[in-house]
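Student: Have a look; sequence and predicted model below, questions after that.
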Amino acid sequence: MSLNIAVIYGSVREEREGIKGAKFLVNKCRERNWNVTLLDAKEFPHPILDKMYKEFPEGEAPEVMRKVSKILKEADAFIVVSGEYNNSVPPGLINLIDHYQSEYFFKASAIASYSDGSFGGVRAGIHLRAFLCELGMPSIPTMFAMSKVHTSFDENGNAVDTAYERRVKKFLDEFEWYATALKEARKNGTPY
């Protein structure tokens, strides 16, 4: 089944390395013939949250928010790519996600975390699990942790460390199952 996937990446730092891991996941999704959009917080800049998209009168939200809302609404599921800052999720990612709400309801999510160290950002991933569930996009059981992201992938998102090729298959197989199951279930309606 063809899926429409939004890969949400939230680092806005100047010399960010996690974009390599995000590109790796985008590439792997495209190899499965999925339609993929990289929602990069740096490419889709949002102000510090003052007003959610839904709180604007129709047609008055900033253009960037209208574009992102459309991408999120059309997505069947989400892969959230997070670095780890102070043992938690980076503010750029939280800010981007927090601007929206109903766009996420009843859709699967998957967590991919990264760091320059050997733990691969798993502490941020743990925080994300509850956060994403609260937003109505429960995460799949498996997390995809990318350690030493600065040397594990090249600038185009190709894995330098071949272990990622094997691991990403299991991760995306599981994600595809959940994304497809919830997509099919939504065809029969949702509780609200």
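Tutor: Arrived safely, thanks for sending. Residues are numbered from 1 along each chain as shown.
Student: For the rest of this, base every contact and every neighbour count on C-alpha atoms.
Tutor: OK.
Student: From the chain's centroid, how far away is the host helix or strand of Leu39?
Tutor: Assessed by DSSP states H and E, Leu39 sits inside strand 35-40. Relative to the chain's own centre, strand 35-40 is displaced by 9 Å; criterion: CA atoms, centre = their mean, to the nearest Å.
Student: Run through who's touching the longest helix along the chain.
Tutor: Determined from DSSP state H, the single longest helix within the chain is helix 163-186. Here helix 163-186 makes contact (CA atoms under 8 Å, 6 or more residues apart in numbering) with 1, 3, 25, 28-29, 76-77, 106-110, 140, 142-144, 159.
Student: Could you tell me which of the residues you listed are located in strands?
Tutor: Secondary structure from DSSP state E places Ala77, Ala108, Ser109, Ala110, Phe144 of those in strands.
Student: Can I get those in a markdown table including distance to Lys67, pLDDT and neighbour count?
Tutor: What follows is the ones in strands among the contacts of helix 163-186, written out as a markdown table (distance: CA to CA, whole Å; pLDDT from 0 to 100; neighbours: other CA atoms under 10 Å):
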| residue | distance to Lys67 | pLDDT | neighbour count |
| --- | --- | --- | --- |
| Ala77 | 17 | 99 | 30 |
| Ala108 | 21 | 99 | 26 |
| Ser109 | 20 | 99 | 27 |
| Ala110 | 22 | 99 | 30 |
| Phe144 | 28 | 98 | 22 |
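Student: gap between the residue nearest the centre of the chain and Glu63?
Tutor: The residue lying closest to the centre of the chain (CA atoms, centre = their mean) is Val80, at 2.0 Å. According to CA to CA, to the nearest Å, Val80 stands 22 Å off from Glu63.
Student: ok, now which ones touch the residue nearest to Ser88 when sequence neighbours are not counted?
Tutor: Among residues not flanking Ser88 along the chain, Ala124 sits closest, at 4.3 Å (CA to CA, 6 or more residues apart in numbering). Taking CA under 8 Å, 6+ apart, we find Ala124 in contact with Ser82, Gly83, Glu84, Tyr85, Asn87, Ser88, Val89, Ser113.
Student: let's see it at 6 Å
Tutor: Shown in contact with Ala124 (CA atoms under 6 Å, 6 or more residues apart in numbering): Glu84, Ser88, Val89.
Student: cool, and Lys73?
Tutor: Glu103.
Student: quick revisit: ok, of the ones in strands among the contacts of helix 163-186, which one's closest to Phe44?
Tutor: Ala77 (18.9 Å; CA to CA).
Student: That closest one and Met143: what is the separation?
Tutor: From Ala77 to Met143 the distance is 15 Å (CA to CA).
Student: And the nearest residue to Ile140 once chain neighbours are set aside, how far from Leu25?
Tutor: Of all residues not flanking Ile140 in the chain, Ala110 sits nearest, at 5.4 Å (CA to CA, 6+ apart). From Ala110 across to Leu25, the span is 11 Å (CA to CA).
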